[in-house]
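K.L.:
This is the structure alone, sequence omitted:
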DNA sequence: ATAAATATGGACCGATTAGTCCGTAATTTA
DNA sequence: TAAATTACGGACTAATCGGTCCATATTTAT
């Protein structure tokens, strides 16, 4: 389907050498695409939106990424990897209460009003796209893991349900933010999580 | 803009009388449209989807509803009204624990895997559609009110933050459901709300 | 220099988008 | 029955959709 990888086929002696080099960076193009998908969603993002944001011609786009859907999958996975890493860092480097820090980070992600891209995509696509649903499931489970490890490092499995509740609470507040709730009400809502903390 | 209402203009003596009667019911057409928007989202729903589901010709559609967007707004408001009424009923008629019943209802709405239409729409549209954001805000605030009245009928204002946390927790679990979490894990997550209950 | 290989820009494609328009059907009032 | 009025079916439009294709540019290996 995709012609992205240099073809290792054609065992003939040739070794032709690479042709014209790209004049774009694949990684930064991917991140540019990520931002567009993040703020507009999958359906509402057009090829023109993407190629403009990535500063790519259509042919380069298709040569490098195969299709809108393939690019999207890559962007989403990239986002997931990145976000989980960030969350782990938050958990590890929080001086005071790591749970509070994680709740903050989840409820007020880099994206600001764009919310969490993975939640956006689960909402938009998961019911009719099992691939997205699976990426989403994995992401959510990882978040639970991180919470559980913080809550009870000795026996994280026992804290799993509480971890999931904390995660869900933070995710729920994303809707408040998108709907335009003032920041202090959201913070106040998050603080209610304290009662979930003790067993 | 819209020609929906019988025009009261033309003060001339005439009083012409109505022409051919409609052979569709506006209310049920609206509900049919609601279902489509609910499960596909706004952008992904086409006019063909709508007219087919509503059993309407395009001309009748535009005569009766004006535009896709206008229809959507009506459907969304209708959904909000309906949903809040249902939630109130759940709160009033729950024999055991009304909070549990509300959490259940919010987390597992009529729509099944379609989730809550309002949350879907907030996620998809609110960041770039202030009209939708406002409908969403009002809806969420009403949910909080219902929770707060159940939590502390004497002084619901004092319970407002807890009410919002419960609401957010339930809303958060919608993402779990869409991502394909098994029902028992979601139920277990909801049960964690008990710790939010006491002051 | 020449051949081989890859990248790029942009024209192009068929399908689909939301929305318009018009001829005709169905109804009420006179 | 005639005039007025509204509804309906469906053809039509201009724009946009995701995706393809090709001629040309740019590179390396010979």
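P.N.:
Everything's here; your move. Quick caveat: nothing in here was measured; it's all calculated off a predicted structure. Numbers count the residues shown, from 1 in each chain, chains lettered A, B, ... in the order given.
K.L.:
what number of residues lie near residue A:194?
P.N.:
Residue A:194: 14 surrounding residues under other Cβ atoms under 10 Å in any protein chain shown. Heads up, the C-betas are built off the backbone N, CA and C, glycines and all.
K.L.:
Does anything pack onto the lengthiest helix in chain A? Which helices or strands?
P.N.:
Determined from DSSP state H, the single longest helix within chain A is helix A:68-93. Helix A:68-93 is packed against helix A:26-40, helix A:47-54, helix A:58-65, helix A:98-107, helix A:117-125, helix A:130-151, with contacts defined by 3 or more Cβ pairs under 8 Å, 6 or more residues apart in numbering or on different chains; DSSP states H and E.
K.L.:
What residues sit buried inside it?
P.N.:
Across helix A:68-93, burial judged by 16 or more other Cβ atoms under 10 Å in any protein chain shown covers A:68, A:71-76, A:78-80, A:83-84, A:87, A:90-91.
K.L.:
picking up where we left off before, in a markdown table, list the helices and strands packed on helix A:68-93 along with mean pLDDT, mean neighbour count and distance to residue A:174.
P.N.:
Shown next, in a markdown table, are those (pLDDT from 0 to 100; neighbours: other Cβ atoms under 10 Å in any protein chain shown; distance: least, Cβ to Cβ, whole Å):
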| stretch | mean pLDDT | mean neighbour count | distance to residue A:174 |
| --- | --- | --- | --- |
| helix A:26-40 | 97 | 18 | 13 |
| helix A:47-54 | 98 | 16 | 23 |
| helix A:58-65 | 97 | 16 | 28 |
| helix A:98-107 | 96 | 20 | 7 |
| helix A:117-125 | 97 | 26 | 6 |
| helix A:130-151 | 97 | 20 | 13 |
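K.L.:
Format these as JSON lines; extra columns: distance to chain B.
P.N.:
Shown next, in JSON lines, are these (distance: least, Cβ to the nearest Cβ, whole Å):
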{"stretch": "helix A:26-40", "distance to chain B": "7"}
{"stretch": "helix A:47-54", "distance to chain B": "13"}
{"stretch": "helix A:58-65", "distance to chain B": "21"}
{"stretch": "helix A:98-107", "distance to chain B": "9"}
{"stretch": "helix A:117-125", "distance to chain B": "4"}
{"stretch": "helix A:130-151", "distance to chain B": "4"}
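K.L.:
nearest to DNA strand D, of the buried residues of helix A:68-93?
P.N.:
Distances from DNA strand D to those, taken as Cβ to the nearest atom of the strand, are shortest for residue A:68 (3.5 Å).
K.L.:
Contact residues of chain A facing DNA strand D?
P.N.:
Contact residues (Cβ under 7 Å from any atom of the strand) of chain A with DNA strand D: A:15-21, A:45-49, A:58-59, A:62, A:67-69.
K.L.:
Roughly how far does the closest residue to residue A:71 other than its chain neighbours sit from residue A:158?
P.N.:
Residue nearest to residue A:71 in three dimensions, not counting chain neighbours: residue A:65, with 4.1 Å by Cβ to Cβ, 6 or more residues apart in numbering or on different chains. Separation of residue A:65 from residue A:158 (Cβ to Cβ, to the nearest Å) stands at 43 Å.
K.L.:
and if you look at residue A:116?
P.N.:
The gap separating residue A:116 from residue A:158 is 27 Å, by Cβ to Cβ.
K.L.:
between these two, who's got more neighbours?
P.N.:
Higher neighbour count among residue A:116 and residue A:158: residue A:116, with 24 against 13, using other Cβ under 10 Å.
K.L.:
thought that one was touching residue A:174?
P.N.:
Yes: assessed by Cβ atoms under 8 Å, residue A:116 is found in contact with residue A:174 at 5.9 Å.
K.L.:
Find the residues that touch each one of those two.
P.N.:
Taking Cβ atoms under 8 Å, 6 or more residues apart in numbering or on different chains as the contact criterion, the common neighbours of residue A:116 and residue A:174 are residue A:109.
K.L.:
returning to that earlier point: want to try JSON lines for the helices and strands packed on helix A:68-93, with distance to residue B:145 as columns?
P.N.:
Formatted as JSON lines, the helices and strands packed on helix A:68-93 follow (distance: least, Cβ to Cβ, whole Å):
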{"stretch": "helix A:26-40", "distance to residue B:145": "31"}
{"stretch": "helix A:47-54", "distance to residue B:145": "39"}
{"stretch": "helix A:58-65", "distance to residue B:145": "48"}
{"stretch": "helix A:98-107", "distance to residue B:145": "22"}
{"stretch": "helix A:117-125", "distance to residue B:145": "24"}
{"stretch": "helix A:130-151", "distance to residue B:145": "29"}
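K.L.:
Compare those and report which one is nearest to DNA strand C.
P.N.:
Of the helices and strands packed on helix A:68-93, nearest to DNA strand C by Cβ to the nearest atom of the strand is helix A:58-65, at 3.0 Å.
K.L.:
so what does the closest one touch, helix or strand wise?
P.N.:
Contacts defined by 3+ Cβ pairs under 8 Å, 6+ apart place helix A:58-65 against helix A:47-54, helix A:68-93.
K.L.:
What about contact with DNA strand C: does it have any residue there?
P.N.:
Yes: Helix A:58-65 reaches DNA strand C (Cβ under 7 Å from any atom of the strand) through A:58-60, A:63-64.
K.L.:
would JSON lines of those residues with distance to residue B:132 be doable?
P.N.:
Shown next, in JSON lines, are the residues of helix A:58-65 next to DNA strand C (distance: Cβ to Cβ, whole Å):
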{"residue": "A:58", "distance to residue B:132": "32"}
{"residue": "A:59", "distance to residue B:132": "37"}
{"residue": "A:60", "distance to residue B:132": "36"}
{"residue": "A:63", "distance to residue B:132": "38"}
{"residue": "A:64", "distance to residue B:132": "35"}
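K.L.:
need the contact list for residue A:150.
P.N.:
A:91, A:98-99, A:102.
K.L.:
Among those residues, which pair sits farthest apart?
P.N.:
A:91 and A:99 (8.4 Å; Cβ to Cβ).
K.L.:
Which of the three states applies to residue A:110?
P.N.:
coil (DSSP: H, G, I helix; E, B strand; the rest coil).
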